[in-house]
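Asker: pasted the sequence and its predicted model underneath.
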Amino acid sequence: MTTMIKRLGRGERCWPAEIAMRTAGLVPLTLFVLLWRALCRRPEDPIGFVLAVMACLCLWLGLALTLEGAGLLRPVPLPPRALL
């Protein structure tokens, strides 16, 4: 497990991590679909607003994990002026 994290930290491709993170992205996407169906049947009220916010968060998280996968853990190079 630690070798996988080290490989991801160096920016190398790690297929087990790719598969795990992209599969984990399906969980929030499934939850989004369930929340969306519940919202379509619900009248407009404060609980409906909370469900809509949760649905949006699930959609964003699911798309990020599914589309980017382990690339979310890649180190990002900082410009020299940001290191001050």
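Answerer: Everything's here; your move.
Asker: going forward, measure contacts and count neighbours with C-alpha atoms only.
Answerer: OK.
Asker: so where's this protein shaky on pLDDT?
Answerer: For the chain, the stretches with pLDDT under 70 are 1, 11, 84.
Asker: what's the burial count for the closest residue to Leu26 other than its chain neighbours?
Answerer: In this structure, Leu26 finds its nearest non-sequential neighbour in Gly62, 6.2 Å apart by CA to CA, 6 or more residues apart in numbering. By the criterion of other CA atoms under 10 Å, Gly62 has 25 neighbours.
Asker: wait, Gly62 touches Val33, no?
Answerer: No. Look at Gly62 against Val33 with CA atoms under 8 Å: they stay out of range, at 11.0 Å.
Asker: tell me the phi and psi of Pro75?
Answerer: When quoted as degrees, to the nearest 10, the phi and psi of Pro75 stand at phi -70, psi 140.
Asker: do Asp45 as well
Answerer: Per degrees, to the nearest 10, the backbone of Asp45 is at phi -160, psi 180.
Asker: so the spatially most central residue of the chain: helix, strand or coil?
Answerer: In the chain, the centroid-proximal residue (CA atoms, centre = their mean) is Leu61; its distance is 3.0 Å. Here Leu61 is recorded as helix under DSSP: H, G, I helix; E, B strand; the rest coil.
Asker: how about the contacts made by it?
Answerer: Contacts for Leu61 (CA atoms under 8 Å, 6 or more residues apart in numbering) come out as Gly25, Pro28.
Asker: count of neighbours near the nearest residue to Val33 once chain neighbours are set aside?
Answerer: Nearest residue to Val33, sequence neighbours excluded (CA to CA, 6+ apart): Ala55, at 8.0 Å. Close neighbours of Ala55, defined as other CA under 10 Å, add up to 21.
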